[in-house]
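In: Sharing a sequence plus its predicted fold:
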Amino acid sequence: MTEPKNTLERVLAVLEVFTEERLEWTGEELMEELGYSRPTLYRYLKTLKDAGFLISRPNAGFTLGPKVVEMDYLMRKSDPLILAGHDYLTQLAQRFSCTALLVRWYGNRLLCVDSVSSTTNPISSYPRGRPMPLGRGAISRSILAFLPKRRLLPLITNSLDDFKAVGLGESIDDVLQTLKSVRKAGYATAYGEVTPGVVGIAAPVFDAGRTPVGSICITIKGSLVSGTLIDEISGYVRQAAVEITGSITRDRDIHNLTL
């Protein structure tokens with residue numbers, strides 16, 4: 001973890017330690033993990049508890065609080081990616097027996113923010129809210145392929161073992177060549193890299209500055225698809241990504257004109 005530099009960063013660092021692997025922390029454990037003094041830590045914990053970001057139980061530890069759920073509800077109603085993309089998820093799920101997902105790219109993380117499924121028992125290793133791996137899957141490659149090289153190289157270096165494991169190359173140059181092919185095609189395909197037996201087909205969504213902000217993806221059982229159907233699905237996914245990008249860009253332009 002990068003050493004926090006100011007009070008706000010230090011408070012946010014308390015929230016950052018909560019992960020799927022570690023959902024509860026005691027005060028003593030937080031002091032050891034973060035290196036804060038007892039008075040400082042408990043001042044931050046009180047602030048976060050009063051705001052609803054944390055809750056605590058007697059003789060137990062701290063966990064995330066209801067404010068997180070409240071903000072999630074507000075995000076669903078305000079995130080431009082969700083607002084522009086939800087109808088496309090519905091259309092894709094109606095056309096194919098699949099799960100259609102919107103994934104947002106923030107910091108160096110991939111997070112599913114919306115999904116629609118037309119299967120009775122959807123198979124997904126990464127439901128809404130669970131961070132996805134950078135070195136595996138169509139969603140990751142659909143975004144990484146469009147990042148500037150100066151930002152991309154550290155990410156490849158950190159996830160090179162994952163790229164090797166799924167056969168994308170033994171070196172950074174090999175992975176760059178693979179991503180170049182994705183960039184040329186405008187979409188990425190992966191077979192069982194994230195969820196066994198599932199094919200992923202994803203295309204990037206951009207902001208007005210042509211920076212990838214997310215991805216739209218279809219995941220479908222490998223037994224249901226052939227090469228021809230994958231080509232058909234990829235066309236619909238790419239078109240949806242283009243139209244979502246256009247909607248986000250138009251909304252931003254309209255907003256700027258009204259300021």
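Out: Happy to help now that I have it.

In: from here on, contacts and neighbour counts on C-alpha atoms
Out: Noted.

In: Flag the shaky bits of the stretch 101-250 of the chain, pLDDT-wise.
Out: 123-124 (pLDDT under 70).

In: Mind listing what's buried along the top helix by length along the chain?
Out: Of all the elements of type helix in the chain, the one with the most residues (DSSP state H) is helix 227-258. Buried residues in helix 227-258, counting neighbours by 16 or more other Cα atoms under 10 Å, are found at 230, 233-238, 240-241, 243-249.

In: what packs against that helix?
Out: helix 80-95, strand 198-206, strand 212-221 (3 or more Cα pairs under 8 Å, 6 or more residues apart in numbering; DSSP states H and E).

In: So what's the gap between it and the chain middle?
Out: Helix 227-258 has its C-alpha centroid displaced from the chain centroid by 18 Å (Cα atoms, centre = their mean, to the nearest Å).

In: and the helix or strand hosting residue 179, which residues are buried?
Out: In the assignment (DSSP states H and E), residue 179 maps to helix 172-185. Neighbour counts using 16+ other Cα under 10 Å place 172, 175-176, 178-180, 182-183 of helix 172-185 among the buried residues.

In: rewinding a little: mind checking which of the helices and strands packed on helix 227-258 is nearest residue 13?
Out: Using Cα to Cα as the measure, strand 212-221 is the one of the helices and strands packed on helix 227-258 that comes nearest residue 13, at 23.7 Å.

In: and the angle from the closest one to strand 198-206?
Out: Using axes from the mean of the first three to the mean of the last three Cα atoms, to 10 degrees, the inter-axis angle of strand 212-221 relative to strand 198-206 is 160 degrees.

In: mind listing what strand 212-221 pairs with, with the direction of each?
Out: In the sheet containing strand 212-221, its partner strands are strand 99-106 (antiparallel), strand 198-206 (antiparallel), by DSSP bridges.

In: show me what contacts residue 84?
Out: 244, 247-248 (Cα atoms under 8 Å, 6 or more residues apart in numbering).

In: Of all the residues in stretch 133-152, which ones are buried?
Out: Within stretch 133-152, the residues that qualify as buried by neighbour count (16+ other Cα under 10 Å) are 133-147.

In: cool, and stretch 101-109?
Out: So, applying 16+ other Cα under 10 Å, buried residues of stretch 101-109: 101-105.

In: any chance of those residues in CSV, plus distance to residue 10?
Out: Converted to CSV, the buried residues of stretch 101-109 look like this (distance: Cα to Cα, whole Å):
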residue, distance to residue 10
101, 33
102, 31
103, 28
104, 25
105, 23
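
In: between those residues, which is nearest residue 16?
Out: Ranking the buried residues of stretch 101-109 by separation from residue 16, with Cα to Cα as the measure, puts residue 105 on top at 17.1 Å.

In: Without its sequence neighbours, what residue ends up closest to residue 183?
Out: What sits nearest to residue 183 in space, not counting adjacent residues and going by Cα to Cα, 6 or more residues apart in numbering, is residue 145, at 5.4 Å.

In: so the one you found touches residue 179, yeah?
Out: Yes - contact criterion Cα atoms under 8 Å: residue 145 and residue 179 qualify, at 4.7 Å.

In: For the buried residues of stretch 101-109, which two are the farthest from each other?
Out: Between any two of those, the greatest separation by Cα to Cα is 12.9 Å, found for 101 and 105.

In: Out of the helices and strands packed on helix 227-258, which gets nearest to residue 153?
Out: Closest to residue 153 of those is strand 212-221 (Cα to Cα; 16.0 Å).

In: got the angle for that closest one vs helix 227-258?
Out: Interaxial angle, strand 212-221 versus helix 227-258 (the same axes, to 10 degrees): 150 degrees.

In: any idea of the angle strand 212-221 forms with helix 80-95?
Out: Strand 212-221 and helix 80-95 are oriented at 20 degrees to each other (the same axes, to 10 degrees).

In: Quick check: buried residues in strand 212-221?
Out: In strand 212-221, the ones that count as buried by 16+ other Cα under 10 Å are 212-221.
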